[in-house]
Structure formats: structure tokens, C-alpha cells
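Chemist: heads up, no residue letters with this:
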DNA sequence: GCCGTTTTCGGCCCGACTGTTTTCAGTCG
């Protein structure tokens, strides 16, 4: 695996001009770390600036290299004249004199040590410097583990036996650390902890917070808040959670546990009078809170926001305003309540000040599911669904849908002649017609569509002959092979597939798999433009491993007036309830009911299909 | 080094917890 030090210092055969945003962010953080070591006081705000720039790069929706090509580096908030110039030098010549100068003399191994929880800039620097020659011999974390086991760390000034043990424990956790958890998995852990906490009668309010409450696609730590009159009692109960592996920390207001699978659960406790402030504070995001505090200070320099409430300084007197709910907290600052999904410092504070927070789409707005795979044997080379069309119809009625689409993968191209493909599709048409005739007028489902999820071949063609396409009501297209084509070629590939008149939906458009496969490279400006002008739609796929389009592209799509559709990609009726995850993504992308296609009733949807 | 609904100068978010200390530094969220 690539280490951080490698990505900052020697990128092997690659040149710096190919650095991606993650690597640039790591580099900017390393520069901040360097300033932290030299004259931290003097460079206090420079450090903050570099860290902010790193955050901004990490969250940027385009590659910085591309922005540089277009002369738009300084459009990224947090990147000003100076950093932009250094980055420009980096992109054009392969290095930045300034960054190199600032980082001169820093042992590169320290950056790898900083992955270990509890080890920050200063500790890492101190350790590598004390044991210079040993660190040169091997991988930084392994060396540290070896030194700690030998008892060398505790001998150092400022360290002790406890911190040495801590280092060993943390290294063990880094090694066992899995990637970030998928939202449904984190939800399940939270539910179990909440169930345990409710056994304690002093727990008055309880909620999952952090990225879990903001419905981010992946969750790091599971955060939970409790409102109570007896914080000590609640914390004691929490650290007795039956399957805990160890107690990470335990204080008067917070405690953290490690559960099996190396999942960290943090608990925050507050009295019920201030519970609203606690909710607000620990829902985050960090960037939202920072921006909110800065905004509060700009209103009135004597305002200070924290998990306890809003501190107002009047002369020599300090008053703490308490908020039992979030709405009154935001209202106090002269703004509307902001849905958690929007709290990423992406313009939501400005919108709330103007009382223009979007009326976000709700799960109850969805009228149909536009990607479902039945067990109709379509002789596909991909995965066939497991549930029958009739069972899917029953489930759709249960969910109150008016319409659904059967979207099995196309019959395999290599194993069939064109005529065989046409025959299979005709048979499916007849089967779907039969299902339509069998629908009960006493239930919600009015229509099932005969659709198909068709591979986009590398050259942009579709592996289904026109006569086969004629049997369909409409088609989805998606990419399942050749993921690594050049951006231009990939864009042409997708656009030529979308050009087919039967094709309405571009399904799971980035083809990413969370924790598994990177997104394909596409020229989104061109894709959005084409979709808007030709009545083509982009899917938000509800599969928790996909969640594709991702939230930031939903936001761009919506801004560009491109319509989105929701599909669960269900291969079993149980997957049909995943729809909520697609809606979460859309909400995080600022989408309203009007931005989606399958929030329309059946007759409106029919018109849009024409 | 960045940024602007009082500003192109003068500001820059807030607090908890731990370990090694004896009043605090470092780290984290």
C-alpha cells in the first residue's frame, strides 16, 4: 500500500504533475505540519490557512489539475494567490520550491506515524528524531511498534508507560482498521447501542449524530448523544456495553468505546435543557460548525457557540443561552433550521440566513422504483434477480408505488445471435404485458414497465439490436466494463449510448463501488448539457455500495437543471426498501421533489417518457 | 495565508480528555 510519506515525497515513477486531490491535500497538510514545528506561534494562522486549503482540495468536486488547466485554481475557497502559485509551479514543473523549503529537514517517516491515533505532529517529529537510525531501517509504524515493545518509548522525557501502551494499542487498531463503514452498517451498530442505552432510565433523549445523522454515504465513528439529568450514571452504563472491546476514554461529558470490527462509538451527554445545542454541535459537520461560529461572531463579536449553548458577553457579565431543541438554536442566530444533510459548509448557512433553504425531497415523494431486476430468465451474463415479478409487484404495492420498471441486464451478447436476443426480449414483453393485465385496481400499483439495463460497450454501441429495443418501453444504460478509459473517450462513449431514442436513463453514472472501485472519468459539463437538452435522466442508484450519482454530483446536476431518477437496483424484494438511501443522497445534493422524475404521478411520468 | 452584508487591513471556532505534569501540552472532533 502507498504510504503518505511516499505520496508526499517520492511518487515513484509518477511525476508530480499527475498528483490527484488526495495527494495534494496530504502535501498541503504536510506543509501545515512543517509550520507547526517551526515557529508555530508566528505561523499560527498560516497553519490554519494550509489546513483549510487541504480540506478544500479534498472536498473539491473537480481535480485540481483540471482546474489549473482552466485557470480556475483560485475559485476553490481556501486557495488564494499564494497557494495557487505554488500549486501552479507544482503542476507545471513537477515541484514547488516553497513547499520543499518549508519541509526541509523534516524526516519523512513522521508523516506515516501521524496515521496512528494519538500521534500528532510534535510527537511524530520527536519520535523519529530520537530514533533516527532505527527508523531508517524499516516501515515507520513497524519500527515504532518494535521500539514500544522493547520499552524504549517510555524512557523518553514526556512519555511514560501509559503512553507507550497507548501507542501499542493504537497501532493494533490502525492495522485492523477497515475502510469507512457503509451507512446501513453504521446504522445497525447505532441501533444496537441505542437499544442498550434505553435500558437506563436516566436516558431522556437519545439520537445518532455526526455523519450518521447527516446521512453521509460512509461513516467513520458512530456518534450518539444523550440528554439526561444524571450524566455520570449514563456514562457508566454506556461503558458497560456488553460487546465492548475496550474503553477508549471516559470523562464527565463524553466517552468512547471500541466495538468488535474496530468500530468506534462516541457518546456525548448533556442536560435536557441544553440538548438542542448538543445535537447541533455533534451533528457537525466540523466545517459547518466553524462557518456557523464565524458567522455568529460577524453578527456580534460577543457571541460564542458551543455544545452548551450560545454564550453572550455583556460587559463583565456572561450569559449562557440554552436551547432544548435545534430549531431555537438556529433561530436565535436569525436563520432557519438547516436539515442535517446540508450541514457541510456548502452554502447552507447563507441560504438559511435568507430563509431560502431548499424544500428537500422526502422518501414519501417517491412514486415508483425505476431499476428492479426480476428472476425472468433473460440469459444475461450479469447477475439475475432472485424474486419473481409477482412478488415484486406485491412489494411495490406494499411500498405504495404507482409504477415500477423491470430492468434486467441485457441478454449476453457473446452467447446469443441477434435473433435469439430479439426472441428473448419478445418473450419478456409478453410476460410483462401479462403482469400488467393482472394488476389489481384496488391497489396502488397501476403499471409495470418493460425496461432493460443495457451495457454500454467500450465503443459506445449497445449490445441489443434495434428490433430488440422496439420491445421496450424505455431503456437504462450503464457501464460494466472498461472502466479506465480516457476522459474524452469515456465521455464520447456515454454520449453515443445516450443518443439512442429508447434510452432515457444513465444508470449508476460514475460506476464507482464504495471502498472498492474509483469513479470513471467523465466530462460532467458535457454530460449535464446533453441530458438537459435531450430529456435524458441521471440515476441515483440506491445500492448502499454504489449510491451513484454521489451527493456532490447530484448537486451539480440539479444546479444544471438535469433531472434525476431513483432506482434501487434491487435483485431481491428485500432490496426495494433501500430506496431511502438514494433519497438521502439526493437530499445531500440539495434536490427537491421537482428535480426528480419518479416523484411524478403515473400520468406525468407517461408524458415525460414520450 | 485567506478573506470581506461594518473591513483590501486586521481579524482568524470552541471545548473535552489523557498523560505527565504540578499548571499544561498534545491531540482530537
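Modeler: On my side now, so go ahead. All values reported here derive from a predicted model rather than from experimental measurement.

Chemist: OK, contacts around the residue in the stretch 1-150 of chain A that DNA strand B sits nearest to?
Modeler: DNA strand B sits closest to residue A:120 of the stretch 1-150 of chain A, with a gap of 2.3 Å, by Cβ to the nearest atom of the strand. Placement of C-beta: from N, CA and C, glycine included. Listed by Cβ atoms under 8 Å, 6 or more residues apart in numbering, the contact set of residue A:120 reads residue A:114.

Chemist: just the one 4 residues further on next, same as before
Modeler: When the contact criterion is Cβ under 8 Å, 6+ apart, the partners of residue A:124 are A:110, A:111, A:113, A:114.

Chemist: can you find the helix or strand in chain A with the smallest mean pLDDT?
Modeler: helix A:4-8 (a mean of 73; mean pLDDT, DSSP states H and E).

Chemist: so what does it touch, helix or strand wise?
Modeler: helix A:21-37, helix A:109-113 (3 or more Cβ pairs under 8 Å, 6 or more residues apart in numbering; DSSP states H and E).

Chemist: can you list these in JSON lines and add mean neighbour count and mean pLDDT?
Modeler: Formatted as JSON lines, the helices and strands packed on helix A:4-8 follow (neighbours: other Cβ atoms under 10 Å; pLDDT from 0 to 100):
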{"stretch": "helix A:21-37", "mean neighbour count": "22", "mean pLDDT": "91"}
{"stretch": "helix A:109-113", "mean neighbour count": "25", "mean pLDDT": "92"}
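
Chemist: the most centrally placed residue in chain A - nearest residue in space that isn't next to it in sequence?
Modeler: In chain A, the centroid-proximal residue (Cα atoms, centre = their mean) is residue A:217; its distance is 3.9 Å. Nearest non-adjacent residue to residue A:217, counting by Cβ to Cβ, 6 or more residues apart in numbering: residue A:547, 4.7 Å away.

Chemist: got it, and residue A:302?
Modeler: If you skip the residues right next to it in sequence, residue A:302 has residue A:313 as its closest partner in space, 4.0 Å away by Cβ to Cβ, 6+ apart.

Chemist: what helix or strand is the one you found located in?
Modeler: strand A:309-314 (DSSP states H and E).

Chemist: quick one: mean pLDDT for that strand?
Modeler: For strand A:309-314, the mean pLDDT works out to 85.

Chemist: how much space separates the residue of the stretch 1-150 of chain A closest to DNA strand B from residue A:535?
Modeler: 53 Å (Cβ to Cβ, to the nearest Å).

Chemist: in the stretch 251-400 of chain A, which residue sits closest to DNA strand B?
Modeler: Closest residue of the stretch 251-400 of chain A to DNA strand B, Cβ to the nearest atom of the strand: residue A:251 (2.2 Å).

Chemist: which non-adjacent residue is nearest that residue?
Modeler: Among residues not flanking residue A:251 along the chain, residue A:235 sits closest, at 7.8 Å (Cβ to Cβ, 6+ apart).

Chemist: verify the contact between the one you found and residue A:250 for me.
Modeler: Yes: counting by Cβ atoms under 8 Å, residue A:235 touches residue A:250, with 6.4 Å between them.

Chemist: neighbour count winner among the two?
Modeler: residue A:235 (21 against 14; other Cβ atoms under 10 Å).

Chemist: quickly check: whatever helix or strand that one lives in near DNA strand B or not.
Modeler: In the assignment (DSSP H and E), residue A:235 maps to helix A:231-238. No: applying Cβ under 7 Å from any atom of the strand, one finds helix A:231-238 out of contact with DNA strand B, separated by at least 7.8 Å.

Chemist: ok, and what's touching that helix?
Modeler: A:197, A:199-200, A:202-203, A:226, A:228, A:250-253, A:255, A:257, A:267, A:269-271.

Chemist: please repeat the previous calculation with a cut-off of 6 Å.
Modeler: A:200, A:202, A:203, A:226, A:228, A:255, A:267, A:269 (Cβ atoms under 6 Å, 6 or more residues apart in numbering).

Chemist: please apply the same query to stretch A:207-217.
Modeler: Stretch A:207-217 has contacts (Cβ under 6 Å, 6+ apart) with A:186, A:190, A:219, A:223-225, A:282-284, A:340-341, A:343, A:547, A:584.

Chemist: distance between the lengthiest helix in chain A and the chain's centre?
Modeler: When chain A is parsed with DSSP state H, its longest helix is helix A:418-438. Helix A:418-438 has its C-alpha centroid displaced from the chain centroid by 39 Å (Cα atoms, centre = their mean, to the nearest Å).

Chemist: DNA strand B contacts on the stretch 201-350 of chain A?
Modeler: A:210, A:221, A:223, A:249-255, A:266, A:284, A:286, A:289-290, A:293-294, A:297-298, A:301, A:304-308, A:311, A:350.

Chemist: how about the helices in the stretch 1-150 of chain A?
Modeler: Remark: helices assigned in the stretch 1-150 of chain A by DSSP state H, counting those that start in this stretch are A:4-8, A:21-37, A:44-59, A:64-69, A:81-93, A:97-102, A:109-113, A:121-130, A:132-135, A:140-149.

Chemist: model confidence over stretch A:142-151, on average?
Modeler: Mean predicted lDDT for stretch A:142-151 stands at 93.

Chemist: would you mark the buried spots in it?
Modeler: For stretch A:142-151, burial by neighbour count (16 or more other Cβ atoms under 10 Å) applies to A:143, A:144, A:145, A:147, A:148.

Chemist: residue ranges of the helices in the stretch 151-300 of chain A, please?
Modeler: Counting by DSSP H, counting those that start in this stretch, one finds helices in the stretch 151-300 of chain A at the ranges A:161-176, A:183-197, A:210-213, A:231-238, A:275-283, A:286-299.

Chemist: nearest to residue A:98, of these?
Modeler: helix A:286-299 (26.0 Å; Cβ to Cβ).

Chemist: tilt between that closest one and strand A:309-314?
Modeler: For helix A:286-299 against strand A:309-314, the angle by axes from the mean of the first three to the mean of the last three Cα atoms, to 10 degrees is 20 degrees.

Chemist: quick one: mean pLDDT over helix A:286-299.
Modeler: Average pLDDT, helix A:286-299: 88.

Chemist: helices or strands next to it in the packing?
Modeler: strand A:303-306 (3 or more Cβ pairs under 6 Å, 6 or more residues apart in numbering; DSSP states H and E).

Chemist: what's next to the strand it packs on, contact-wise?
Modeler: A:293, A:296, A:311.

Chemist: show me which of those are buried.
Modeler: Among the contacts of strand A:303-306, those scoring as buried are residue A:296 (criterion: 16+ other Cβ under 10 Å).

Chemist: OK, contacts around the closest residue to residue A:117 other than its chain neighbours?
Modeler: Nearest residue to residue A:117, sequence neighbours excluded (Cβ to Cβ, 6+ apart): residue A:170, at 4.8 Å. Neighbouring residues of residue A:170 by Cβ under 6 Å, 6+ apart: A:116, A:117, A:118.

Chemist: quick one: the second one from residue A:256, how far?
Modeler: Read that as residue A:117. 10 Å.

Chemist: how is chain A carved up into domains?
Modeler: With domains defined by the TED database, chain A comprises A:4-103, A:120-176, A:181-270, A:275-354, A:366-609.

Chemist: I'd like the ones you listed as TSV, with distance to residue A:360 appended.
Modeler: Shown next, in TSV, are the domains of chain A (distance: least, Cβ to Cβ, whole Å):
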stretch	distance to residue A:360
domain A:4-103	20
domain A:120-176	36
domain A:181-270	11
domain A:275-354	6
domain A:366-609	5
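
Chemist: make a markdown table from the helices and strands packed on helix A:4-8 and add distance to residue A:321 to it.
Modeler: Output for the helices and strands packed on helix A:4-8, formatted as a markdown table (distance: least, Cβ to Cβ, whole Å):
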| stretch | distance to residue A:321 |
| --- | --- |
| helix A:21-37 | 34 |
| helix A:109-113 | 42 |
